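got a structure for you, letters missing:
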């Protein structure tokens, strides 16, 4: 598990999250490798050849961003320099193709979230 110091690394997010003792990336953004699984319904939407990661924005972060913030996040991720392909089939679930590791991608998404919450969108 990748540890995170929320107040130090993402201060704007820390200000709006009630739970201050959360210290793992997965409490904010879940990034899973996307692989071919015959029983997986996500394969129809997120082909593993086009999107090597599935990115889920956890509910506490969705609430912090609100609908407008989530729309800004989606726009920023479409343009992100480290994301080759991006698809937002749902407001909180995305497909992404990136050469970053899962943890690096989660941190990149959190950085964008923190920037939006800081009013620098």
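Ah, there it is. As the structure is a prediction and not an experimental result, all values here were calculated from the model.

what's the local residue count around the residue nearest to residue 97 when sequence neighbours are not counted?
Leaving aside its sequence neighbours, residue 97 sits nearest to residue 85 (CB to CB, 6 or more residues apart in numbering; 3.9 Å). Quick note: C-beta positions are derived from backbone N, CA and C, even for glycine. The number of residues packed near residue 85 is 15, by other CB atoms under 10 Å.

repeat for residue 5
Residue 5: 9 neighbours (other CB under 10 Å).

measure it to residue 23 for me?
7 Å (CB to CB, to the nearest Å).

over to residue 107?
Separation of residue 107 from residue 23 (CB to CB) stands at 14 Å.

what touches both of the two?
Listed as contacting both residue 107 and residue 23 by CB atoms under 8 Å, 6 or more residues apart in numbering are residue 4.

with neighbour numbers in mind, choose between the two.
Taking other CB under 10 Å, residue 107 and residue 23 do not tie; residue 107 has more neighbours (20 against 12).

contact partners for the more buried one?
2, 4, 25.

in the helix or strand encompassing it, what counts as buried?
Using DSSP states H and E, residue 107 maps to helix 102-117. Buried residues in helix 102-117, counting neighbours by 16 or more other CB atoms under 10 Å, are found at 102, 105-110, 112-117.
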